[in-house]
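Trainee: Next one to model:
(2 chains)
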There are 2 protein chains.
Amino acid sequence: MAAENFDGFLILKPENIFWTSGFRSSFAAFLAQKNGENFLITDARYFLAAKKLAAKKKFRAILFDENFEKLAEEFRGKKFAIEDSARIFEQKFWKKKFRGIKFLIKKNFFEKLRAEKNSAEILKIKKAAAQVDKILISFFRAKIRAGISEKFLAFELEIALRARGKFELAFDPIVAFGANSAVPHHQPSKKNLQKNENILVDCGAKFSGFCSDLTRNFFFGSPSREFLHKFENLKNAQNLTIKKFVAGAKISAIEKFCREKIGPDKKFFSHSLGHGVGLEIHERPVISQKSREKLRKNQIVTCEPGVYFPEKFGIRIEDLLQIRENRPPKILSKSEKNLIIL
Amino acid sequence: MAAENFDGFLILKPENIFWTSGFRSSFAAFLAQKNGENFLITDARYFLAAKKLAAKKKFRAILFDENFEKLAEEFRGKKFAIEDSARIFEQKFWKKKFRGIKFLIKKNFFEKLRAEKNSAEILKIKKAAAQVDKILISFFRAKIRAGISEKFLAFELEIALRARGKFELAFDPIVAFGANSAVPHHQPSKKNLQKNENILVDCGAKFSGFCSDLTRNFFFGSPSREFLHKFENLKNAQNLTIKKFVAGAKISAIEKFCREKIGPDKKFFSHSLGHGVGLEIHERPVISQKSREKLRKNQIVTCEPGVYFPEKFGIRIEDLLQIRENRPPKILSKSEKNLIIL
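Mentor: Down below sits the predicted model:
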């Protein structure tokens, strides 16, 4: 923050407040100043929790009540940054509360810092990933039967993932049968599973605020030679691409490499190769052809090429990777990657 | 919209898009114009669904892709309203896409219209409320035992409420035992239930986008005379207050009436009396002492006074009401309101 043209950052985005202060609530702002005087602002509902946390950390808790504007007078004349993820009414609200403060709008300031994870964060992501790996394959082996609906299967998968409340969902699971799997962001529907349909599942758990993400493929019945061929082709491309995820590698070059390895099917690969994962399920770095960035050590990213054949089927294979220096990434996903026939 | 100083409204808030167009997605904008030419803008992932919907409704679906800016040229020179709930980056994004458009920021434009429900909307809210009423009491009778944690009970309650995926949650259930119930927005913790503790549960289901909301109280063991007295006092005040929820009544007067009826305990009533319920769990009208509004027919609101005695216990009783003219509201909540001893 030292090099920036503002005196402090008034953080409003919950994930950024959590990342900088460790505090979670439905109403808070964290004021981080260059001079090191930091303030966690929250209302009566959460003030006790804020004070407890403040006692252990390098900031003060401030009660947001009718006296706040008076308190805020002491900052008059300063320049504060705010996130461009703030809502227009939030910006107005805090402008009123901090009279005589100039606000500068900043994009991705904390998001860029959050992209490289420390060991405690990586441990949480690993725990979330391990929870999915622990249940996924056996869950599908136990549950799959003709006639089960995508919606019900997704509901049951959620319950299994959350393990009586020990985990949260990173996002609502995608469960898609047959032609529905050709829609990359398909929402589980009332469609019932029929013999000789493929099953695509994309899901993630959340542990202590940190997400995981995984996509696997099953087949209920006997896959066609075409399906098997396309699956193996994608799997080989994904495996080869994973090895390119090394600190310092240009992201756009990895994208290009993956599409080359997929070959002619690449025209059915209709989304970007991956994304960073952390407190948010989609966060920095952006893993797309347009990226001008290079990978950095301890970024956690997905590698998830997919091919989608409208009205027929779609296949996506997704692993979660920890970027390392001078060697291929650590693969955090441990679930069987081969097509599982049920 | 006819009387407003803009040519159209570029709607970005998902609930407002759904309310005006019936469309749900993770990326869309709905442009509603005074001249009646309306456009649903979404990307390739959702375009097929948008086109299907457009065929049945009075709008056109527009694909948001690299050609969009050129298409948007035809609106040059117009004035569009946008919601103050838009994020700063969204405002910037759409300003770039619609060149030569002036944006006016509007607060609560659709939210005010959404406050009065039509019969189809009320039916959905009733269905969500009925789902809670169907399971709540028997769920607690079956599940409550010494040692069960708030967190696990809340998890099991969620599963029961969602009924294999037929319903969603309106919000994460609040389950609070003993002293935890003195915190109005308590989050279910690892605390285990002990003999002679009260249980406060605040939960709601969602059906076809519309929410319900209910709070009830249980006691595990034998309540003290003090607890029973405070419960009966609050229940009587709440019952008397409900009768005041009539179209045309001043909201602030109802608030005042409720506090009077609570008597000396009113200083432990630390939040507002209620809120509107619909596509959002908290929406207009605001039911608070500061309100200058009057109730209107077919608003759906909660009446939920609560008294919170720090370190001891809290009690809140909440019903969902449909406002009518010239007579007390229809009470949509059917669950037993008396304290249930388990």
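Trainee: rest of the way, CA atoms for contacts and neighbours
Mentor: Fine.
Trainee: tell me which element A:K126 falls in.
Mentor: helix A:119-143 (DSSP states H and E).
Trainee: which residues touch that helix?
Mentor: Under the criterion CA atoms under 8 Å, 6 or more residues apart in numbering or on different chains, residues A:153, A:157, A:160-161, A:167, A:203-208, A:210-214, A:278, A:300, A:332-336, A:342 lie in contact with helix A:119-143.
Trainee: Mind checking which of those land in helices?
Mentor: A:L153, A:L157, A:A160, A:L161 (DSSP state H).
Trainee: which of those residues has the most neighbours?
Mentor: A:L161 (27 neighbours; other CA atoms under 10 Å in any protein chain shown).
Trainee: ok, that residue to B:L71 distance?
Mentor: 45 Å (CA to CA, to the nearest Å).
Trainee: Ok, A:L113 next?
Mentor: Counting by CA to CA - A:L113 and B:L71 are separated by 37 Å.
Trainee: ok, is the host helix or strand of A:K52 in contact with chain B or not?
Mentor: Here A:K52, judged by DSSP H and E, is contained in helix A:44-56. Yes. Part of helix A:44-56 sits near chain B under the criterion CA under 8 Å from any CA of the partner chain, namely A:R45.
Trainee: for A:L53, what are its contacts?
Mentor: Per CA under 8 Å, 6+ apart, neighbours of A:L53: A:G22, A:F23.
Trainee: typo on my end, it should be A:A176
Mentor: A:E150, A:H186, A:Q187, A:P188, A:I199, A:L200, A:V201.
Trainee: Mind doing that once more with 6 Å?
Mentor: The contact partners of A:A176, by CA atoms under 6 Å, 6 or more residues apart in numbering or on different chains, come to A:I199, A:L200.
Trainee: do the same with A:F220
Mentor: A:K195, A:N196, A:E197, A:L342.
Trainee: If we use 8 Å, what do you get?
Mentor: A:I144, A:Q194, A:K195, A:N196, A:E197, A:N198, A:I199, A:I341, A:L342.
Trainee: do A:M1 as well
Mentor: A:M1 is in contact with A:K34, counting by CA under 8 Å, 6+ apart.
Trainee: Any figure for the gap between A:K13 and A:E121?
Mentor: Taking CA to CA, one finds A:K13 at 19 Å from A:E121.
Trainee: who in chain A is up against chain B?
Mentor: A:45, A:84-89, A:151-152, A:155-156, A:159, A:164-165, A:183-185.
Trainee: now, which of the residues you listed lie within helices?
Mentor: Short answer: those in helices (DSSP H) are A:R45, A:I88, A:F89, A:K151, A:F152, A:F155, A:E156, A:I159.
Trainee: Now neighbour count too, for those, in JSON lines please.
Mentor: Putting these into JSON lines (neighbours: other CA atoms under 10 Å in any protein chain shown) gives the following:
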{"residue": "A:R45", "neighbour count": "18"}
{"residue": "A:I88", "neighbour count": "20"}
{"residue": "A:F89", "neighbour count": "18"}
{"residue": "A:K151", "neighbour count": "22"}
{"residue": "A:F152", "neighbour count": "20"}
{"residue": "A:F155", "neighbour count": "22"}
{"residue": "A:E156", "neighbour count": "16"}
{"residue": "A:I159", "neighbour count": "18"}
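Trainee: between those, which is nearest B:A49?
Mentor: Checking those against B:A49 by CA to CA gives A:K151 as the nearest, at 18.3 Å.
Trainee: For the closest one, list the residues it contacts.
Mentor: Applying CA under 8 Å, 6+ apart, the residues near A:K151 are A:V175, A:P188, A:S189, A:K190, A:K191, B:G165.
Trainee: quick one on the thing from earlier: buried ones from the contacts of A:F220, can you make that a PyMOL selection?
Mentor: Buried members of the contacts of A:F220, defined by 16 or more other CA atoms under 10 Å in any protein chain shown, are picked up in PyMOL with:
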select buried, chain A and resi 144+194+196+197+198+199+342
